[in-house]
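Undergrad: Okay, here's the prediction I keep looking at, along with the sequence it came from:
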Amino acid sequence: MKEIKITNLIKFCTLLFLYKKSMHGYELIKLLKEHTGKKISSSHVYPFLNNLEKNKIIRLKAKGSNDKKEYQMTKKGRVFTKTIIDKFARLVNFNIKHNLKICASCRCKLIEGAYKSKIRGKVMYFCCKYCCLQYRSK
Ligand SMILES: [Zn+2]
């Protein structure tokens, strides 16, 4: 089995969209265009889809009476994609935590709307002005 590497956003989104629902190649390309804001040509997408199919991550499923076929994620594909989503979520989480400010007084996490004050020449962050006052009085 040739290893599947998710090396760019297009590949990542391809998996996400097919995880959500089965669709035709052209529908997928349309979605990719909308979400990435990039010009997507079929040469960006089909080699990857072929690779996914070879690895039984997706399969082609005939739908309706016409010849059009949809790409459908297999059970194996869903497990595979879930792992990638989890990995990505951890990465985002880590990044959020890394950038998170903490109240200098009570140590609570500041998601937004931090109270900023310059104390002894240093900008400090607090959750509220009371924490700021308390810190100043120390
Ligand atoms: Zn506080």
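TA: Done, it's in.
Undergrad: Alpha carbons only: can I get stretch 47-56 in CSV?
TA: Provided in CSV are the C-alpha atoms of stretch 47-56 (Å, rounded to 0.1, in the frame of the first residue of the first chain):
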residue,chain,number,x,y,z
PRO,A,47,-4.5,11.8,-8.9
PHE,A,48,-5.1,12.1,-5.2
LEU,A,49,-8.6,10.6,-5.6
ASN,A,50,-7.1,7.7,-7.5
ASN,A,51,-4.6,7.2,-4.7
LEU,A,52,-7.3,7.2,-2.1
GLU,A,53,-9.3,4.7,-4.1
LYS,A,54,-6.3,2.4,-4.5
ASN,A,55,-5.9,2.5,-0.8
LYS,A,56,-9.6,1.8,-0.2
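Undergrad: Buried residues in that stretch, which are they?
TA: Neighbour counts over stretch 47-56 (16 or more other Cβ atoms under 10 Å) mark 48-49, 51-52, 55 as buried. Yep, even glycine has a C-beta here, placed from its N, CA and C like the rest.
Undergrad: what comes into contact with it?
TA: Residues from elsewhere that reach stretch 47-56 (Cβ atoms under 8 Å, 6 or more residues apart in numbering): 1-2, 4, 10-11, 14-15, 25, 28, 58-60, 71, 74, 76-77.
Undergrad: if we can go back for a sec, ok, the buried residues of stretch 47-56 vs Leu110, which is closest?
TA: Nearest to Leu110 among those is Phe48, at 40.6 Å by Cβ to Cβ.
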